[in-house]
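sequence first, predicted model second:
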Amino acid sequence: MDSIENIRFSRSLIARSVDGMTVSTARVDAGTGNHTRRPPFGLPALAWTLGAVHLVARAGAFVQPMLVLYLTQEQGMAPTAAGAVVAAVGIGDFGSQLLGGWLGDRVGRRQTMLLGFLGTSIALAALGSADTTPVIWAAAVGYGLTAGLFRPAGSAAVADLPPEQRVRAYSLLYWAANLGYAIAATAAGVLASRGYGLLFWLNAVAMLAAALIVVAAVPETRSTSSHPRRALLPALLGDRLMVTMALIHVAYFTLLMQAFATLPLLMTAQGHGPATYGAVLALNGLAIVILQPLAAVVLAHRDRGTVLATSMLLAGLGGGLATVAQGSAGYAAAVLILTLAQVGMAVQFGATFADLAPPDLRGGYMGIASSTWSLGITLGPVVGTALLEDTGRFWLGATALSTGLLLFLAQQAVAGSLRERQAGRS
């Protein structure tokens, strides 16, 4: 199924709702006979536009999948030095989540997205032309710092929508981002064969294209209230539920990413080659594209705490299964379980943190939420590989299972508080 059909399929599925909402774009008011417009497919234009922004930005992100190969083959860097550059991108990305959320509250969602896309274009040009290690490292930090600014700003814009539209809107963004990543990962290898420089320029052009979409079709959604805006840190420190949720999700994303980080090592140790690993990993992206719209329909009105807790338990089960799998079918099953964990989390993650956020601090809260993912990406590979090397497959699997169970219990313990906060924000 090509990308156009995928988008059509997704739109039709996401549009359905268990509360009986139809996809008609107009209805007749029973009392007056006047026609009133409904948002197309149950989602406002802003959600579809932000979905397009995410798709373009991720589909054009050709540099990151090929960055290690570029640094080792084109720049002649040692693998450890290349790894340090990738880590620098990660450091910048973590900072971008916090900065993007803060800027979203201070200067606006739209301006922050534009700043991020334009800054990313400049950083890509600097990184692609840098020829000394210190300059490459500095450009990598700048690339990470700017490339992630649009995510918390876009999440805050969705949080500004009515609560009943948020779950499906966040699901759409996640679906678009994953479809875009699949396109980028596939195209990057083909483009790299014609020269790494092409990757940097095309990536920069894609960022400018995303910026043009923002200029043309994304309105500013930040409240224009004249009341002074509160500082984020004091409000955050006084919000125990938010702090608890952030810590739980750092642990969850660390668990998820350690599973994916150790998967190639587990498969290689049993004699599976890169082709088999690539096929198993491709299953993850394909399953997300297919299952995410379905999950948005099935899980949209489920209890958020239960959906999040179940996703965490599935992450532990998938990580544990990967350590005892013997053949490619077993690894594929583990990846499918991990995919279900990702899909379930994606349905409720953004809407849950949007409900936690005070209206004047939505950008900052969504930035904190996004940073839990960035920390998981950083910590997961370190924790997973260290456990595998020091303790072996059995204890890696036992740790994954027990962590998933503990996270399930922790998330269930705060489910009641989440429901109370959700009711108060509705």
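Received it, and whenever you're ready, just let me know what you need.

check which helices and strands the helix or strand hosting A157 is in contact with.
Secondary structure assigned from DSSP states H and E places A157 in helix 150-159. Where contact means 3 or more CB pairs under 8 Å, 6 or more residues apart in numbering; DSSP states H and E, helix 150-159 is packed against helix 45-59, helix 79-106, helix 109-129, helix 163-192, helix 328-356, helix 362-391. Quick note: C-beta positions are derived from backbone N, CA and C, even for glycine.

name the spans of the stretch 51-200 of the chain whose pLDDT lies under the cut-off.
Along the stretch 51-200 of the chain, no part satisfies pLDDT under 70.

next one: A246 from L375, what distance?
Counting by CB to CB, to the nearest Å, the gap from A246 to L375 is 9 Å.

for the helices and strands packed on helix 150-159, which one sits closest to L67?
helix 79-106 (6.2 Å; CB to CB).

circling back: now the helices and strands packed on helix 150-159 in a markdown table, with mean neighbour count and distance to A275?
Formatted as a markdown table, the helices and strands packed on helix 150-159 follow (neighbours: other CB atoms under 10 Å; distance: least, CB to CB, whole Å):
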| stretch | mean neighbour count | distance to A275 |
| --- | --- | --- |
| helix 45-59 | 22 | 24 |
| helix 79-106 | 20 | 22 |
| helix 109-129 | 22 | 30 |
| helix 163-192 | 21 | 13 |
| helix 328-356 | 22 | 10 |
| helix 362-391 | 21 | 22 |
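
out of the ones you listed, nearest to A209?
Between the helices and strands packed on helix 150-159, helix 45-59 lies closest to A209; by CB to CB that is 5.5 Å.

chain center to that closest one, what's the gap?
13 Å (CA atoms, centre = their mean, to the nearest Å).

if you count neighbours, what's buried in stretch 414-425?
Residues of stretch 414-425 classed as buried: V414, A415, L418, R421, Q422 (neighbour count, 16 or more other CB atoms under 10 Å).

now the first one, nearest residue through space, not along the chain?
The spatially closest residue to V414, leaving aside those adjacent along the chain, is T244, at 5.8 Å (CB to CB, 6 or more residues apart in numbering).

what does stretch 46-60 rub up against?
Stretch 46-60 is contacted from outside by 40, 113, 117, 150, 154, 157-158, 161, 165, 168-169, 172-173, 175-181, 183-184, 187, 202-203, 205-207, 209-210, 213-214, 217-219, 221, using CB atoms under 8 Å, 6 or more residues apart in numbering.

by pLDDT, give me the weakest of the buried residues of stretch 414-425.
For those, the weakest pLDDT value sits at Q422, with 79.

could you measure from the residue nearest to that residue when sequence neighbours are not counted over to A259?
Distances taken as CB to CB, 6+ apart place D355 nearest to Q422, at 4.6 Å, with adjacent residues excluded. Computed as CB to CB, the D355 to A259 distance reads 28 Å.

for T132, same thing?
Per CB to CB, T132 is found 37 Å from A259.

quick one, which of the two is more surrounded?
A259 (29 against 9; other CB atoms under 10 Å).

okay, and which of the buried residues of stretch 414-425 map to helices?
A415, L418, R421, Q422 (DSSP state H).

hang on, P219 in a helix?
No - assigned with DSSP: H, G, I helix; E, B strand; the rest coil, P219 falls outside any helix and is coil.

so how far is A157 from it?
On the measure of CB to CB, P219 and A157 end up 9 Å apart.

overlap of the contact sets of those two?
Applying CB under 8 Å, 6+ apart, one finds that P219 and A157 are jointly contacted by L46, R110.

so for the two, which residue has more residues nearby?
The neighbour count for P219 versus A157, taken as other CB under 10 Å, is higher for A157 (31 against 11).

spatially nearest residue to the more buried one (excluding sequence neighbours)?
Here the residue nearest A157, using CB to CB, 6+ apart, is R109, at 4.3 Å.

how near is that neighbour to D160?
8 Å.

ok, now A259?
Counting by CB to CB, the gap from A259 to D160 is 34 Å.

for R151, same thing?
Distance from R151 to D160, by CB to CB: 15 Å.

neighbour-wise, which of the two wins?
Between R151 and D160, counting by other CB under 10 Å, R151 is the more crowded of the two (26 against 18).

hmm, the more buried one is touching S374, no?
No - in this structure R151 lies outside contact range of S374 using CB atoms under 8 Å: 9.6 Å.

got a list of what the residue most central in space within the chain touches?
Nearest to the mean C-alpha position of the chain, by CA atoms, centre = their mean, lies Y174 at 6.1 Å. The neighbourhood of Y174, defined by CB under 8 Å, 6+ apart, consists of Q292, A346, G350.

redo these as JSON lines? Include pLDDT.
Converted to JSON lines, the contacts of Y174 look like this (pLDDT from 0 to 100):
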{"residue": "Q292", "pLDDT": "87"}
{"residue": "A346", "pLDDT": "90"}
{"residue": "G350", "pLDDT": "90"}
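
in CSV, list the residues you listed along with distance to A138.
Below are the contacts of Y174 laid out as CSV (distance: CB to CB, whole Å):
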residue, distance to A138
Q292, 37
A346, 33
G350, 32
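
of those, which is the nearest to F94?
G350 (18.3 Å).

skipping adjacent residues, who's closest to that closest one in space?
Excluding its sequence neighbours, the residue lying closest to G350 (CB to CB, 6+ apart) is Y170, at 3.4 Å.

and if you look at R222?
G108 (4.8 Å).

burial measure for the one you found, as a count.
20.

quick check, it in contact with E220.
Yes - counting by CB under 8 Å, G108 does reach E220; the two are 5.0 Å apart.

tell me the secondary structure at R302.
coil.

dihedrals phi and psi, it?
Here is the backbone geometry of R302 (degrees, to the nearest 10): phi -80, psi 160.

return the distance of it relative to L308.
Applying CB to CB, the value for R302 to L308 is 10 Å.

sweet, I'm off.
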